[in-house]
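Peer 1: Build me a model:
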Amino acid sequence: MNRTYEFLRDDRVTGDPLPAAELNALVRILDRQVHGALQGISDGVVTGGVVAAGSGLSVTVTALQAILASTNGYTYLQTDSTLTVSSLPINETVYIWASAIWSDGPGEEDSRETAQVLLEWSYSDDLADAVLLAEVTTGGASVSTVTDQRTFIPLQDLVLRVAALETAAVSVEEDLADIEEDLGTGYWVDGEPVPGEISIHERLEDLEMGGGGGGGGTVYWGSLAKTSGDITSIEEYVAGQVGSGGGGGGGGGHWRHHRGPDAQRHRDQQPPARGAALDPRPA
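Peer 2: Modelled structure (predicted):
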């Protein structure tokens, strides 16, 4: 043994007597230490327990590991394979549970000894000595919806949140790659602008001028000026167009107005006629 306890030995052989003091010490150690360890981990699903629609009025539940804070203390529960909960009522909303089993006497099944689980359904979303897995809605002959209701132990919940952040980070990296591609791959090496190359602002001005070929490109109009050589503001330009009845100006190209990621307008048609109302909402 790694630790020495009074009354306990690990060198007994068949036929040796087992003193009552030693047996009682073993029971107390298991009761205090195992319960304390489970309590330190906290209650909730460790892994598995995914509920899905099955055949007809039934659902399947994948292999489960969970810790239950029960009326008999913290108890570890486990199933080793996918099981089925059948005979669900028609046109109802019910809840799927992994319930502990308590024995009424020696030799009977008990979750504290075997981690055995009873998978069952109830109309109530509050059931003693059970771990909630899902909310299920049934139709006349089959399961309509399954809503996951599992609560994970804190450590597993943290792992799942980190995984979600990793997924979000990948999405951001993909967005950045799209921006790099739009600006031109020659301006970037290993995610950084190439030293000595023109700035992003200058690159956008190149795009506004159609690549420096005398105009005709898509206009990326900044918030302060029409172009670097024309300080006309967006508001002044729109007012001028409305005031003049929508006539002329600007070379006839398309223009794109950026006022933030959620306020982008594309416009190919003629400006509105005199007196027409301009929708102030983002397109």
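
Peer 1: Might you list the low-confidence residue ranges for the stretch 151-283 of the chain?
Peer 2: For the stretch 151-283 of the chain, the stretches flagged by pLDDT under 70 are 157, 179-231, 233-235, 243-283.

Peer 1: do the same with the stretch 1-150 of the chain
Peer 2: In the predicted model, the stretch 1-150 of the chain carries pLDDT under 70 at residues 1-7, 32.

Peer 1: which residues in it form strands?
Peer 2: For the stretch 1-150 of the chain, the strands defined by DSSP state E, counting those that start in this stretch occupy 44-48, 51-53, 59-61, 64-70, 73-78, 83-85, 93-100, 117-122, 130-138, 143-148.

Peer 1: Is it possible to get CSV of these that adds distance to Val162 and mean neighbour count?
Peer 2: From N, CA and C alone the C-beta is placed, and that goes for glycine too. Shown next, in CSV, are the strands of the stretch 1-150 of the chain (distance: least, C-beta to C-beta, whole Å; neighbours: other C-beta atoms under 10 Å):
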stretch, distance to Val162, mean neighbour count
strand 44-48, 15, 18
strand 51-53, 24, 17
strand 59-61, 26, 22
strand 64-70, 20, 21
strand 73-78, 25, 19
strand 83-85, 30, 16
strand 93-100, 25, 21
strand 117-122, 28, 18
strand 130-138, 23, 21
strand 143-148, 19, 14
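
Peer 1: out of these, nearest to Ala239?
Peer 2: Closest to Ala239 of these, according to C-beta to C-beta: strand 143-148, at 53.0 Å.

Peer 1: Paired strands for the closest one, with orientation please.
Peer 2: Strand pairing for strand 143-148, determined by DSSP bridges: strand 130-138 (antiparallel).

Peer 1: angle of the strand it pairs with against strand 64-70?
Peer 2: Computed by axes from the mean of the first three to the mean of the last three C-alpha atoms, to 10 degrees, the angle separating strand 130-138 from strand 64-70 equals 120 degrees.

Peer 1: Val242: which of the strands of the stretch 1-150 of the chain is closest?
Peer 2: strand 143-148 (51.9 Å).

Peer 1: Only C-alpha atoms, please: export the closest one in CSV.
Peer 2: Only the C-alpha atoms of strand 143-148 are listed here, as CSV (Å, rounded to 0.1, in the frame of the first residue of the first chain):
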residue,chain,number,x,y,z
VAL,A,143,-40.4,11.7,-32.4
SER,A,144,-40.7,15.3,-33.7
THR,A,145,-37.8,17.1,-31.9
VAL,A,146,-35.0,16.3,-29.5
THR,A,147,-33.4,19.2,-27.5
ASP,A,148,-30.2,18.5,-25.7
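
Peer 1: No further questions, thank you.
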